[in-house]
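[1] Here is a sequence together with a model predicted from it:
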2 protein chains.
Amino acid sequence: MERTKATSEARQRILETADRLFYQDGIRAVGIDRIIAEAAVAKMSLYKHFASKDDLILAVLKYREEKILEFFGTAMERYGKRTKDKLRAFFAALKDWFESPGFRGCAFQNAAVELADPKHAGTQFVKDHKRRFQEFLAGLVEESLGKGAAKVAPAVGLLVEGAIVTAVIQGSPDAVDVARDTALKLVAEAKGV
Amino acid sequence: MERTKATSEARQRILETADRLFYQDGIRAVGIDRIIAEAAVAKMSLYKHFASKDDLILAVLKYREEKILEFFGTAMERYGKRTKDKLRAFFAALKDWFESPGFRGCAFQNAAVELADPKHAGTQFVKDHKRRFQEFLAGLVEESLGKGAAKVAPAVGLLVEGAIVTAVIQGSPDAVDVARDTALKLVAEAKGV
DNA sequence: TCGAACAGACAGACCTGTCTGTATTGTCCG
DNA sequence: CGGACAATACAGACAGGTCTGTCTGTTCGA
């Protein structure tokens, strides 16, 4: 018999439901009662697995980082077979995300905005996540540029973040094309010189 | 005697207080009671000037757009005296904003995230504001590039938006330097060819 | 029999929005 | 000049709902 520890079914249902609702309607707009109702879970089960709503928020952010990583991993692998250029494959995956139903921007950006408090553990996690994400991006740029990537990668990061917020506000994925073209141009020029 | 219409002192105090609190702590985190307390206003005065909290939110967004315009106007005028390049002056003003105490990103982006509802009048206003802001940026680029600006301006917009969210999450204004250098480079190249 | 989860009442705080009543001020008219 | 009147805003009670988090039971499966 497996130790149920962190793999409890109830716990998993809570995580997935909270993740979906938080992303859809916002962290503050979603109450505990709604989460337990849609997850078909008793309130005490939630408070047994998570000390508080703040604790649940943090757990959801960690859970989502795993899912995001997984999403980009598989999507880029799919595109990588025909483009070879990993950065190009990344932007193709990004576009898929923008076009997916229910797209509402970056859950980490959104969480940082809603939490507002810089001392909140969730806010700290968002900061760390963005640093990890930026390193991931820098890694992709590096495959084309080698060590010269350091000068281009930060700009690519800004283009990606800007494309996310613009796409969600304008309700259109077009921004990703601008970001991709500009990013690839920056890389090409850095390589050309 | 002037018609007090929209220039009521109470109304103005409510607007300024709500703007400050909404930006500081978030729209949903700030209740009506707190606004009227800090504005030193009766609750009925608030509900006389604004039909509902949603109505107040929208009024605050409009008020803030005026203030933002004013801020960039004066700041760019100040910097414009020594740089001549309006785009450069804009980024200098942007940096001033990032470094100002209590900086918490773009109030319009934040509002869109908090409201979550695409049908909310505030969300619609944010979309329109961002379009106006993008046109303003495009105008700056156009001063250097003329009609060729159309190809560069959208990328500059993404860089600016990306710099805003990155600066607030990382708690550092450094992103603006990357955005400025990249934007100026894009413009210079478009001019050079 | 024992542990995990379900079910739901409950407390205490906070939310928006309505309502009543009072104080102040300026204007108009006799 | 002076009193009635209208407009504006302050003060705060109140209703009805929602929020988080705690508590007591019950049910079910190993």
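    Received the coordinates, thanks. Numbering: from 1, shown residues only, chains lettered A, B, ... in the order given.
[2] Check which helix or strand the nearest residue to residue A:67 once chain neighbours are set aside maps to.
    Take residue A:67 and drop its neighbours on the chain: the residue closest to it by C-beta to C-beta, 6 or more residues apart in numbering or on different chains is residue A:19, 7.8 Å away. Yep, even glycine has a C-beta here, placed from its N, CA and C like the rest. Using DSSP states H and E, the element containing residue A:19 is helix A:9-25.
[3] Output that helix as CSV - backbone C-alpha positions only.
    What follows is helix A:9-25 as a C-alpha-only set of coordinates in CSV (Å, rounded to 0.1, in the frame of the first residue of the first chain):
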residue,chain,number,x,y,z
GLU,A,9,-6.9,11.9,-4.5
ALA,A,10,-8.8,14.5,-2.6
ARG,A,11,-5.7,16.7,-2.5
GLN,A,12,-5.1,16.3,-6.2
ARG,A,13,-8.7,17.2,-7.0
ILE,A,14,-8.4,20.3,-4.8
LEU,A,15,-5.2,21.4,-6.6
GLU,A,16,-6.6,20.9,-10.0
THR,A,17,-9.9,22.6,-9.2
ALA,A,18,-8.3,25.5,-7.5
ASP,A,19,-5.9,26.0,-10.3
ARG,A,20,-8.6,26.1,-12.9
LEU,A,21,-10.9,28.4,-10.9
PHE,A,22,-8.1,30.7,-9.8
TYR,A,23,-6.9,31.1,-13.4
GLN,A,24,-10.4,31.5,-14.7
ASP,A,25,-11.9,34.0,-12.3
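[4] is the following helix or strand past it anywhere near DNA strand C?
    For helix A:9-25, the following helix or strand on the C-terminal side (DSSP H and E) is helix A:32-39. No - counting by C-beta under 7 Å from any atom of the strand, no contacts exist between helix A:32-39 and DNA strand C, the nearest distance being 7.6 Å.
[5] how about helix A:32-39: buried residues?
    Of all the residues in helix A:32-39, those buried under the rule 16 or more other C-beta atoms under 10 Å in any protein chain shown are A:32, A:35-36, A:38-39.
[6] and the angle from that helix to helix A:9-25?
    120 degrees (axes from the mean of the first three to the mean of the last three C-alpha atoms, to 10 degrees).
[7] ok, back up a step: quick one: the residue nearest to residue A:67 from residue B:184, how far?
    Using C-beta to C-beta, to the nearest Å, residue A:19 is found at 40 Å from residue B:184.
[8] Indicate whether the helix with the most length in chain A makes contact with DNA strand C.
    In chain A, taking DSSP state H as the definition, the longest helix is helix A:53-83. No - Helix A:53-83 stays clear of DNA strand C (C-beta under 7 Å from any atom of the strand), getting no nearer than 11.9 Å.
[9] packing partners for that helix?
    The contact analysis (3 or more C-beta pairs under 8 Å, 6 or more residues apart in numbering or on different chains; DSSP states H and E) places helix A:53-83 against helix A:9-25, helix A:86-99, helix A:107-115, helix A:121-145.
[10] any residues touching the first one, and which ones?
    So the one you mean is helix A:9-25. A:30, A:34-36, A:38-41, A:45-46, A:49-50, A:56-57, A:59-60, A:63-64, A:67, A:102, A:104, A:107, A:110-111, B:116 (C-beta atoms under 8 Å, 6 or more residues apart in numbering or on different chains).
[11] What separation is there between the closest residue to residue A:174 other than its chain neighbours and DNA strand D?
    Using C-beta to C-beta, 6+ apart and skipping residues adjacent in sequence, the residue nearest residue A:174 is residue A:167, 7.5 Å away. Distance of residue A:167 to DNA strand D, given as C-beta to the nearest atom of the strand, to the nearest Å: 28 Å.
[12] so residue A:167 sits right up against residue A:173, yeah?
    Yes - contact criterion C-beta atoms under 8 Å: residue A:167 and residue A:173 qualify, at 5.4 Å.
[13] Stretch A:56-66 vs DNA strand D: in contact?
    No - using C-beta under 7 Å from any atom of the strand, stretch A:56-66 never reaches DNA strand D; the gap is at least 7.6 Å.
[14] same question, stretch A:121-133
    No - using C-beta under 7 Å from any atom of the strand, stretch A:121-133 stays clear of DNA strand D, coming no nearer than 13.0 Å.
[15] roughly how far is that stretch from the heart of the chain?
    Centroid displacement of stretch A:121-133 relative to its chain, using C-alpha atoms, centre = their mean, to the nearest Å, is 11 Å.
[16] now stretch A:119-131
    12 Å.
[17] If you count neighbours, what's buried in the helix or strand containing residue A:184?
    Using DSSP H and E, residue A:184 sits within helix A:175-192. Of the residues in helix A:175-192, A:175-176, A:178-180, A:182-184, A:186-187, A:190 count as buried by neighbour count, 16+ other C-beta under 10 Å.
[18] For these, which two are the farthest from each other?
    With C-beta to C-beta as the measure, no two of the buried residues of helix A:175-192 lie farther apart than A:175 and A:190, at 22.4 Å.
[19] ok, now which ones touch residue A:93?
    Counting by C-beta under 8 Å, 6+ apart, residue A:93 touches A:71-72, A:75-76, A:79.
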